[in-house]
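Colleague: Sequence first, then the predicted structure:
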Amino acid sequence: MRNGRSLNGLDRRVWILTAGRVISATGFSIVMPFLAIHLNSDLGISMSEVGLVYLFMAVAGAFGQIMGGEAADRLGRRPVMWVSMASRGLVFLALFAAMTLVRDIWAISALLLVSSLLGSMFDPASNAMVADLVETGRRMEAYSLLRVGQNIGWTLGPLISGVMIVFLPFSYLFAVAAITCLSVGAVIFFKVADPARSVVPHVKFHPRDLLHIMRDRLFMVFCLASLPLGIVLGQMSSTFSVFAVQDAGITEAQVGYLYALNGVMVVALQFPMARMISRRPMPYVLALGSLLYAGGYLIVGFPGGLWLLVASMVITTLGENVTSPSSNSLVATLSPENERGRYMGAFGIFSSFGWSLGPVVGGVLYDGLHTAPLYLWGSVAMISMLSVAGFIYLGRLSAAREGRTSSTEMAKG
């Protein structure tokens, strides 16, 4: 945020997108924190198999990121957003029916893959629209606003599901998620117009169009450093919740309260923290956030019950507040205007693939090490430290490039 400025002056479409994040995140977080638990307990599949479901969701999400980013550059941000969100609502309705009537793991897994693809299409278009609408100096502010909206939803969702799951079967939560997605699709269709921007010519997409991104060294180092962090982020929706219930001995309702604590902390602290980090070099900010994740998950391995899990959630949420808006802001800075959707999509491949690969890694670690919690969560912490090292390396590369650029400009002068 600039000089302590308020949020006044942001384009109203940013506010509409924020409201949409509140609604969609509420519906999504009603379901996702408990999905791994119920796949494991209701359908009787192992945590390693749950991890495989999440892995295939990651593959679908990778395609969705590419499709969403390319379509957003060629067709516009708005149509990609409303079509993907409305379609995901229909898929959630199908999941409600499948889990209520069929209870077939293959059908449920296929629908989860389609849901992941559609959700991934939405993200690069939404993030690119914010970059189009907001000048560079206020992007951290705008992305923080979206995160606050999303985490208001993440606060409300587990609280709602914690009550609903006492009275209704888990499958009914998908019906609520469907309603929220359909509502957001309608709001975007009727209330959000595409911003004026440079448009990529309507030519047929070819995979080689993506190759030049791989020659952008800073961007690729950033993406590769983000991959281990994504794996660590993926523990929150699977391994952490299963460990908390089955090994730490807390109830599903208490898990919901932990996720609600995460949301409350984001809403309360995101803007002050964004103000503190906005003028710092982003690679080192991301390294700090990754270090917080490592510490937050490491302490889960020590005995302590509910209060230790609360401490873990506090520390990891601080890491989340540091890394999430910083990542999007850095992508927007590194990307050319007419390829912003493509860069957002490419980054999304790494982050969403890491997030979805997380349950695979966590499931294997859990099945083998849940009787030795310190080894289990120490392994997760070490994965996060890979991102710490990667972001520090990125910071040194960025400083070296800036130094060469300054020297060249001085020579020309």
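Modeller: The structure has been received and is ready for your questions. Worth saying up front: this structure is predicted, and the values here are computed from it rather than measured.
Colleague: could you pull out the helices for this protein?
Modeller: 12-41, 47-75, 77-97, 105-133, 139-167, 172-191, 211-214, 217-233, 239-246, 252-277, 282-298, 305-334, 340-369, 373-412 (DSSP state H).
Colleague: chain center to the second one: distance?
Modeller: So the one you mean is helix 47-75. Computed by C-alpha atoms, centre = their mean, to the nearest Å, the chain-centroid distance of helix 47-75 equals 12 Å.
Colleague: and if you look at the shortest one?
Modeller: Taking the mean C-alpha point of helix 211-214 and that of its whole chain, the gap between them comes to 23 Å (C-alpha atoms, centre = their mean).
Colleague: What of stretch 12-21?
Modeller: With C-alpha atoms, centre = their mean, you get 17 Å for stretch 12-21.
Colleague: Can you list the neighbours in contact with it?
Modeller: With contact meaning C-beta atoms under 8 Å, 6 or more residues apart in numbering, stretch 12-21 is reached by 85, 126, 129-130, 133-134, 142, 145-146, 148-150, 153, 184, 187-188, 191-193, 195. All C-beta atoms are positioned from the backbone trio N, CA, C, and that covers glycine.
Colleague: State the mean pLDDT of that stretch.
Modeller: Averaged across stretch 12-21, the pLDDT comes to 88.
Colleague: where does the spatially most central residue of the chain sit relative to Val285, distance-wise?
Modeller: With distances taken as C-alpha atoms, centre = their mean, the chain has Ser352 as the residue nearest its mean C-alpha position (6.7 Å). Counting by C-beta to C-beta, to the nearest Å, the gap from Ser352 to Val285 is 21 Å.
Colleague: sorry, back to before: now, of the contacts of stretch 12-21, which are buried?
Modeller: For the contacts of stretch 12-21, a neighbour count by 16 or more other C-beta atoms under 10 Å gives the buried set as 85, 126, 129-130, 133-134, 142, 145-146, 148-150, 153, 184, 187-188, 192, 195.
Colleague: Just the buried positions in the helix or strand of the chain with the lowest mean pLDDT, please.
Modeller: Across the helices and strands of the chain, mean confidence by mean pLDDT, DSSP states H and E is lowest for helix 211-214: a mean of 72. Using 16+ other C-beta under 10 Å as the test for burial, helix 211-214 gives Ile213.
Colleague: Give me the contacts around that helix.
Modeller: Phe219, Met220, Arg342, Tyr343, Ala346.
Colleague: So which of those residues wins on neighbours?
Modeller: In terms of neighbours by other C-beta atoms under 10 Å, these top out with Arg342 at 26 neighbours.
Colleague: How about it, nearest residue that isn't a chain neighbour?
Modeller: Gly69 (4.9 Å; C-beta to C-beta, 6 or more residues apart in numbering).
Colleague: In contact with the one you found: list those residues for me.
Modeller: Pro124, Ala125, Ala128, Gly341, Arg342, Tyr343, Met344, Gly345, Ala346, Gly348.
Colleague: at 7 Å what do you get?
Modeller: For Gly69, the contacting residues are Pro124, Gly341, Arg342, Met344, Gly345, Ala346, by C-beta atoms under 7 Å, 6 or more residues apart in numbering.
Colleague: Now pLDDT and distance to Phe240 too, for those, in a markdown table please.
Modeller: Shown next, in a markdown table, are those (pLDDT from 0 to 100; distance: C-beta to C-beta, whole Å):
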| residue | pLDDT | distance to Phe240 |
| --- | --- | --- |
| Pro124 | 82 | 27 |
| Gly341 | 75 | 32 |
| Arg342 | 78 | 33 |
| Met344 | 80 | 27 |
| Gly345 | 76 | 28 |
| Ala346 | 80 | 28 |
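Colleague: farthest pair in those residues?
Modeller: Pairwise distances among these were taken by C-beta to C-beta; the largest, 9.7 Å, belongs to Gly341 and Ala346.
Colleague: burial of the nearest residue to Ile188 once chain neighbours are set aside, as a residue count?
Modeller: Closest residue to Ile188 apart from its sequence neighbours, by C-beta to C-beta, 6+ apart: Trp82 at 4.1 Å. Residues near Trp82, counting by other C-beta under 10 Å, number 22.
Colleague: any idea how far Trp82 is from Ile152?
Modeller: 21 Å.
Colleague: ok, now which ones touch the closest residue in space to Ser48 that isn't next to it in sequence?
Modeller: Leaving aside its sequence neighbours, Ser48 sits nearest to Gly363 (C-beta to C-beta, 6+ apart; 4.7 Å). By C-beta under 7 Å, 6+ apart, the residues touching Gly363 are Met47, Ser48, Val50, Gly51, Ser238, Thr239.
Colleague: pretty sure the first one is touching Val242, no?
Modeller: Yes: under the criterion of C-beta atoms under 7 Å, Met47 makes contact with Val242 at 6.4 Å.
Colleague: anything in contact with each of those two?
Modeller: Common neighbours of Met47 and Val242 (C-beta under 7 Å, 6+ apart) are Asn40, Tyr366.
Colleague: What is the neighbour count of Arg340?
Modeller: With other C-beta under 10 Å as criterion, Arg340 counts 27.
Colleague: Setting aside sequence neighbours, what's the nearest residue to Asp216?
Modeller: Using C-beta to C-beta, 6+ apart, the closest residue to Asp216 is Leu334 (7.2 Å).
Colleague: burial of that neighbour, as a residue count?
Modeller: 16.
Colleague: mind checking how far it is from Ala346?
Modeller: 10 Å.
Colleague: Equivalent analysis for Ala60, please.
Modeller: Ala60 is 16 Å from Ala346, by C-beta to C-beta.
Colleague: what does Ala128 give?
Modeller: When Ala128 is compared with Ala346 (using C-beta to C-beta), they lie 12 Å apart.
Colleague: Same question for Pro158.
Modeller: Distance from Pro158 to Ala346, by C-beta to C-beta: 31 Å.
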